[in-house]
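Asker: Build the 3D model from these lines:
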Amino acid sequence: MAGTAIKQNHDGLTAANTDIATVKGRLDGQQQFDQLAGVTLEANRRKLDELNARVNTSDSKIDYLQEWQGMANNRINDLERATTENRKVSSRGIAGVAAMTNIPTPMDGGFALGIGYGYYDNQNAFAVGASKYFESGVAIKGGVSLTGKYAVVGAGASYSFK
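Answerer: Below is the predicted model of the structure:
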């Protein structure tokens with residue numbers, strides 16, 4: 001019986017050693033996994049830090065670009081306002097010239113004072129002018145047109161051949 005007990009103990013120890021070796025193999029595998037996971041985790045942390053830095057850099061670049069876009073939009077708005085004002089001024093001038101040219105001229109030897117009206121691109125103008133036509137064939141003409149806060153002035157002379 002003692003031999004049987006020894007054999008059973010030996011078989012039990014062999015089975016226990018096999019179990020210990022299996023567990024040790026599993027632990028070694030787990031340790032390798034943990035090391036690999038730790039390296040992977042650390043690498044992922046570094047990559048995440050790099051990505052965060054890039055996002056922060058991108059955010060500052062986006063802020064910079066948005067600031068420039070705002071300045072460009074302001075300049076465009078300023079140019080649009082200036083263009084609109086220049087168009088009004090030009091239209092007033094055109095209306096003023098139209099008003100002056102529509103003041104009738106006198107007949108031979110006559111002198112005339114006249115008024116005229118001009119309209120262009122929603123702008124109005126009134127003009128006052130004088131002309132003299134001499135019997136010698138010489139004519140002179142002058143006028144002033146008021147177009148809001150601006151004035152248009154013109155004068156001219158001519159000689160007619162008979």
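Asker: For stretch 155-162, what is the distance to the chain centroid?
Answerer: 55 Å (Cα atoms, centre = their mean, to the nearest Å).
Asker: ok, now stretch 153-160?
Answerer: Worked out by Cα atoms, centre = their mean, stretch 153-160 lies 49 Å from the chain centre.
Asker: just stretch 99-109 next, same as before
Answerer: With Cα atoms, centre = their mean, you get 51 Å for stretch 99-109.
Asker: same deal with stretch 108-124?
Answerer: On the basis of Cα atoms, centre = their mean, stretch 108-124 sits 45 Å off its chain's mean C-alpha point.
Asker: cool, stretch 48-58 as well?
Answerer: With Cα atoms, centre = their mean, you get 27 Å for stretch 48-58.
Asker: quick check: mean pLDDT across that stretch?
Answerer: Averaged over stretch 48-58, pLDDT sits at 81.
Asker: Could I get the full set of strands for the protein?
Answerer: For the chain, the strands defined by DSSP state E cover 111-120, 123-133, 138-147, 150-159.
Asker: Of all the ones you listed, which one is nearest Ala43?
Answerer: strand 123-133 (72.6 Å; Cβ to Cβ). All C-beta spots, glycine's among them, are computed from the backbone N, C-alpha and C.
Asker: Now do that closest one and strand 111-120, the angle between them.
Answerer: 160 degrees (axes from the mean of the first three to the mean of the last three Cα atoms, to 10 degrees).
Asker: and strand 123-133 with strand 138-147, angle?
Answerer: Comparing the axes of strand 123-133 and strand 138-147 via the same axes, to 10 degrees yields an angle of 160 degrees.
Asker: Can you give the contact residues for strand 123-133?
Answerer: Outside strand 123-133, the residues that touch it by Cβ atoms under 8 Å, 6 or more residues apart in numbering are 88, 91-92, 94-96, 98-100, 102-103, 105-119, 139-148, 152.
Asker: one step back: let me have the strands of the chain in a markdown table, extended by mean pLDDT.
Answerer: Rendered in a markdown table, the data for the strands of the chain read as follows (pLDDT from 0 to 100):
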| stretch | mean pLDDT |
| --- | --- |
| strand 111-120 | 94 |
| strand 123-133 | 94 |
| strand 138-147 | 92 |
| strand 150-159 | 90 |
